[in-house]
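>>> Provided below are the primary sequence and the corresponding predicted coordinates.
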Amino acid sequence: MEELEKTMEKLKTMKHCLILRKMSLFNQYFAFLDSEDYLADSLFVQHKVRVTFCAEYQHKDKPYRVILCRCRKKDIERFLSAMVELPRKMLICGHQDYLEVSEELSRTAFGDTRGVPESA
């Protein structure tokens, strides 16, 4: 549980993933920024977390997509661990502007607010 709290604190400083507030007994909902190559998918496999994808949105001039998804509450810690690794993987794979685009999206679309779950 302590590890989850540390990961949650780190996630609050990141701009590429938001925890969405939606009432559900078993699932937690997220929005995150991914590339056209869906680089996050391999991280989910690596961390052995099952993710259900709900929707995705793409700006016509950007090579990134906002992905809306959900995962079981019991898998939140593994999901967040994958999200912590995502920016590094983006940079390694040549997406040098990923962090800037994430920050811009967070500022404009979300008003730079951070969602936190009612219970983790």
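Structure's in. What do you need?
>>> Pull the distance from the longest helix belonging to the chain to the chain's centre.
For the chain, the longest helix by residue count, based on DSSP state H, is helix 76-92. On the basis of CA atoms, centre = their mean, to the nearest Å, helix 76-92 sits 8 Å off its chain's mean C-alpha point.
>>> mind listing the strands for the protein?
Taking DSSP state E, the strands of the chain run over residues 17-20, 27-35, 51-58, 64-72.
>>> what's the closest of those to residue 80?
The stretch from the strands of the chain with the least distance to residue 80 (CB to CB) is strand 17-20; that distance is 7.9 Å. Bear in mind the C-beta positions are built from the backbone N, C-alpha and C, glycine included.
>>> on contacts alone, who are the packing partners of the closest one?
Of the remaining helices and strands, those touching strand 17-20 by 3 or more CB pairs under 8 Å, 6 or more residues apart in numbering; DSSP states H and E are strand 27-35, helix 76-92.
>>> mind listing what's buried in it?
When neighbours are counted by 16 or more other CB atoms under 10 Å, the buried residues of strand 17-20 are found to be 17, 18, 19.
>>> who does that strand pair up with?
Neighbouring strands of strand 17-20 in its sheet, by DSSP bridges, are strand 27-35 (antiparallel).
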